[in-house]
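Engineer: What would the 3D arrangement of this be:
(one chain, ligands or ions: 1)
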Amino acid sequence: MYKNLCSRDADEWQFLENKRRNLLSDLKNLKSKDPELQKANSIRVLEFGVGPGVNLYCYPPNTRLIAVDINKFFEDIFMNNLKKYENITLEKFLITSARDLREIPSNSIDAVVCTYTFSSVDDQLEVAKEIKRVLAKGGKWYFYEMVGYQNRYYRLLQEALRPIWRIWFNNWRLGYNIRPILEKAGFTDITLDYFELKEVHFLAAPNVCGTAMKPE
Ligand SMILES: C[S@@+](CC[C@H](N)C(=O)[O-])C[C@H]1O[C@@H](n2cnc3c(N)ncnc32)[C@H](O)[C@@H]1O
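Structural biologist: Prediction:
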């Protein structure tokens, strides 16, 4: 069933890859808030739910990366994959929940990235607040997630099925709205690009990619 949920034809896969590349292509325009990194033309990025490192190919030259995943299983696969990317210096690989980034000082990160992860964290508001804490002022969070339908009736159906869906699909929270969570956590300049996929299960079709800023 999971395969049916996620299977995509080649065109749709390409469409998604283009969305990912476009979203993360903005990283190259960021200037670090850290004077030392700025001199070196470098930025510090934290990616949580990094998994095997599917986003690594989108990172700009001189990226200093802190990789976070709750699951140790991915560490070796990620490390192996990382060898292909000389433009990335790994500062840390943390096995922890994004809800608890106590090893990361406040205001120290230029950009946070997460893809297909925020929908399955336990407490979304607490994670969003933790992301805001570690981001430097003016720093940006880039995300790409499955969300709720804009159509009210489809959304109600997603909400009704959410509890059982979470049990079936490893905590995946069906049909949630990301904007109020970001606003409540104190992010501004929120951009959301909403789209619906065709080649996945109807309930998993709505996706969003977007950015949110920690105010200056
Ligand atoms: C669906 S995978 C997505 C992997 C990758 N980002 C991608 O786009 O394919 C979700 C990842 O998030 C991790 N994860 C789940 N909850 C997490 C949390 N609270 N904090 C950090 N990582 C988490 C999982 O271990 C897994 O690697």
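Engineer: The most centrally placed residue in the chain pairs with what?
Structural biologist: Geometric centre of the chain, nearest residue: residue 114, 1.4 Å, by CA atoms, centre = their mean. With DSSP bridges applied, residue 114 shows beta-bridge pairing to residue 143.
Engineer: what sits against it?
Structural biologist: 47-49, 98, 141-145 (CB atoms under 8 Å, 6 or more residues apart in numbering). C-beta: built from backbone N, CA, C; applies to glycine.
Engineer: Would you reformat the residues you listed as JSON lines and include distance to the ligand?
Structural biologist: Below are the contacts of residue 114 laid out as JSON lines (distance: CB to the nearest ligand atom, whole Å):
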{"residue": "47", "distance to the ligand": "7"}
{"residue": "48", "distance to the ligand": "5"}
{"residue": "49", "distance to the ligand": "3"}
{"residue": "98", "distance to the ligand": "4"}
{"residue": "141", "distance to the ligand": "14"}
{"residue": "142", "distance to the ligand": "12"}
{"residue": "143", "distance to the ligand": "10"}
{"residue": "144", "distance to the ligand": "7"}
{"residue": "145", "distance to the ligand": "9"}
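Engineer: Would you reformat the residues you listed as a markdown table and include pLDDT and neighbour count?
Structural biologist: Putting the contacts of residue 114 into a markdown table (pLDDT from 0 to 100; neighbours: other CB atoms under 10 Å) gives the following:
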| residue | pLDDT | neighbour count |
| --- | --- | --- |
| 47 | 98 | 26 |
| 48 | 98 | 26 |
| 49 | 98 | 22 |
| 98 | 98 | 27 |
| 141 | 98 | 24 |
| 142 | 98 | 23 |
| 143 | 98 | 23 |
| 144 | 95 | 21 |
| 145 | 95 | 19 |
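Engineer: Would you point out the most distant pair within the residues you listed?
Structural biologist: 98 and 144 (15.0 Å; CB to CB).
Engineer: Report the residue spans of the chain with pLDDT below the cut-off.
Structural biologist: Residues of the chain that meet the criterion pLDDT under 70 lie in 1-8.
Engineer: can you pull out the helices in it?
Structural biologist: 2-6, 10-25, 35-39, 74-82, 124-134, 152-168, 178-185 (DSSP state H).
Engineer: how about the ones you listed in CSV, adding distance to residue 193 and mean neighbour count?
Structural biologist: Output for these, formatted as CSV (distance: least, CB to CB, whole Å; neighbours: other CB atoms under 10 Å):
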stretch, distance to residue 193, mean neighbour count
helix 2-6, 20, 11
helix 10-25, 7, 14
helix 35-39, 28, 11
helix 74-82, 27, 15
helix 124-134, 19, 20
helix 152-168, 18, 14
helix 178-185, 12, 16
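Engineer: now these in a markdown table, with distance to residue 58?
Structural biologist: A markdown table is the format used below for these (distance: least, CB to CB, whole Å):
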| stretch | distance to residue 58 |
| --- | --- |
| helix 2-6 | 20 |
| helix 10-25 | 4 |
| helix 35-39 | 19 |
| helix 74-82 | 13 |
| helix 124-134 | 19 |
| helix 152-168 | 29 |
| helix 178-185 | 20 |
